[in-house]
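A.B. asks: Pasting the sequence and the predicted model now:
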Amino acid sequence: MIDVSAAVILRADGSFLIARRPAGKVYAGYWEFPGGKIELGEPAAAALTRELHEELGIDVIRAYPWITRVHAYPHATVRLNFFRVLEWSGEPHPREAQTILWQPSDAPVAQPMLPANAPVLASLALPHEYAITTAESLGAQAMLERLEQRLAEGLRLVQIRDKSMASGERMEFARRVVRLPRRYGARALAHSDLTLARAVDADGVHLTAKGLMSLAIRPAQGLVAASCHGAGQLERAMQLGLDFAVLGPVKRTASHPGAAPMGWPKFAELARGASIPVYAIGGMNRADLDEAWRAGAHGVAMIRGAWG
């Protein structure tokens, strides 16, 4: 196993930096995220800083651990420890005969992409905020109005929860919710119910922890996510190849008053090494995003914090 630190260097406009491997290297001409091998005993974050200075002439100021992907090539098996790099000093420039490109997030990705890097692109496209509806407390009409306001502000991923609604009422509410995000290029997932997700043409389904553990294969329903509360559930979500997981509760939360919060250290321990993006949930609000990133989260999932 070869351990590698890899950088997703992100600009404010959403574009990210990729590099094309030079002639003479394995997979010459393929595009990849910058980075390199971790030396024996070297922390992954230190390797990231060293490699980016050597390859691109930049010094990392702010970077966060993200996902870890293992890929078996014919010549070697690599474990890629991805970091999102949000702040650096210096202007990236090629120092090792590679070609570099700022890839726009809304344009076709340069090809060919190195096989170990390609699956990361779908994860990178997930937004940092995952909002969860609460029509049960706000009322259906008020919830729809607040949802549209948040979509106009940039919200791009929402879960239709409201599981205590009567069946017919929930179906109609879900249909109305699904239509709204599509006007803004956003997506809506139905909570736990595959039948409901198909009936309202949702963009995917969000499984409960119990539902996740009962599955033998991944559902064929667009985006598939799951709630996780421990290592075994998170491991199952990764085995099934889900698109992302929600892990918590990190803090005390009104929606699950009896659940003991795991806190950030435990969250970081569980999320470390995850091969899929993990959102922090439980008492979250948008001010928690930076702390969530430091703990290895992709972003934050919120019920009340999304609408307040």
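C.D. replies: Right, received. Where do you want to start? Numbers count the residues shown, from 1 in each chain.
A.B. asks: And Ala6, how close does it get to Arg79?
C.D. replies: 10 Å (Cβ to Cβ, to the nearest Å). For glycine as for every other residue, the C-beta is placed from the backbone atoms N, C-alpha and C.
A.B. asks: Counting neighbours around each, name which of the two comes out higher.
C.D. replies: When Ala6 and Arg79 are compared for neighbours, Ala6 comes out ahead with 25 against 17, by other Cβ atoms under 10 Å.
A.B. asks: Touching, that one and Phe83? I think so.
C.D. replies: Yes: with contacts counted by Cβ atoms under 8 Å, Ala6 reaches Phe83, the gap being 7.2 Å.
A.B. asks: who touches both of those two?
C.D. replies: Common neighbours of Ala6 and Phe83 are listed as Leu48 (criterion: Cβ atoms under 8 Å, 6 or more residues apart in numbering).
A.B. asks: elements contacting the top helix by length along the chain?
C.D. replies: Assignment by DSSP state H gives helix 167-182 as the longest helix of the chain. If you count contacts as 3 or more Cβ pairs under 8 Å, 6 or more residues apart in numbering; DSSP states H and E, helix 167-182 packs onto helix 140-153, strand 157-160, strand 187-191, helix 194-199.
A.B. asks: weakest of these by average pLDDT?
C.D. replies: Lowest mean pLDDT within the helices and strands packed on helix 167-182: helix 194-199, a mean of 92.
A.B. asks: got the buried residues for that helix?
C.D. replies: Leu194, Leu196, Ala197 (16 or more other Cβ atoms under 10 Å).
A.B. asks: Quick check: the first one vs Gln98, distance?
C.D. replies: The one in question is Leu194. Leu194 sits 45 Å away from Gln98, going by Cβ to Cβ.
A.B. asks: how about stretch 93-109: buried residues?
C.D. replies: So for stretch 93-109, counting by 16+ other Cβ under 10 Å, buried means Gln98, Ile100, Gln103, Val109.
A.B. asks: ok, the third one - contacts?
C.D. replies: The reference is to Gln103. Ser15, Phe16, Leu17, Ile18, Val109, Ala110.
A.B. asks: With secondary structure and distance to Lys163 as added columns, please give the residues you listed in a markdown table.
C.D. replies: Formatted as a markdown table, the contacts of Gln103 follow (DSSP: H, G, I helix; E, B strand; the rest coil; distance: Cβ to Cβ, whole Å):
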| residue | secondary structure | distance to Lys163 |
| --- | --- | --- |
| Ser15 | coil | 39 |
| Phe16 | strand | 37 |
| Leu17 | strand | 42 |
| Ile18 | strand | 42 |
| Val109 | coil | 38 |
| Ala110 | coil | 43 |
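A.B. asks: Can you go through those and name the buried ones?
C.D. replies: Buried among the contacts of Gln103 by 16+ other Cβ under 10 Å: Ser15, Phe16, Leu17, Ile18, Val109.
A.B. asks: quick one: which of these is nearest Gly305?
C.D. replies: Using Cβ to Cβ, Phe16 is the member of the buried ones among the contacts of Gln103 that lies nearest Gly305, at 27.2 Å.
A.B. asks: so that closest one makes contact with Ile9?
C.D. replies: Yes: assessed by Cβ under 8 Å, Phe16 is found in contact with Ile9 at 6.1 Å.
A.B. asks: looking at this structure, which residue lies furthest from center?
C.D. replies: Gly24 (34.2 Å; Cα atoms, centre = their mean).
A.B. asks: how about that residue, phi and psi?
C.D. replies: Dihedral angles of Gly24 (phi, psi; degrees, to the nearest 10) stand at phi 100, psi -10.
A.B. asks: Great, nothing more from me.
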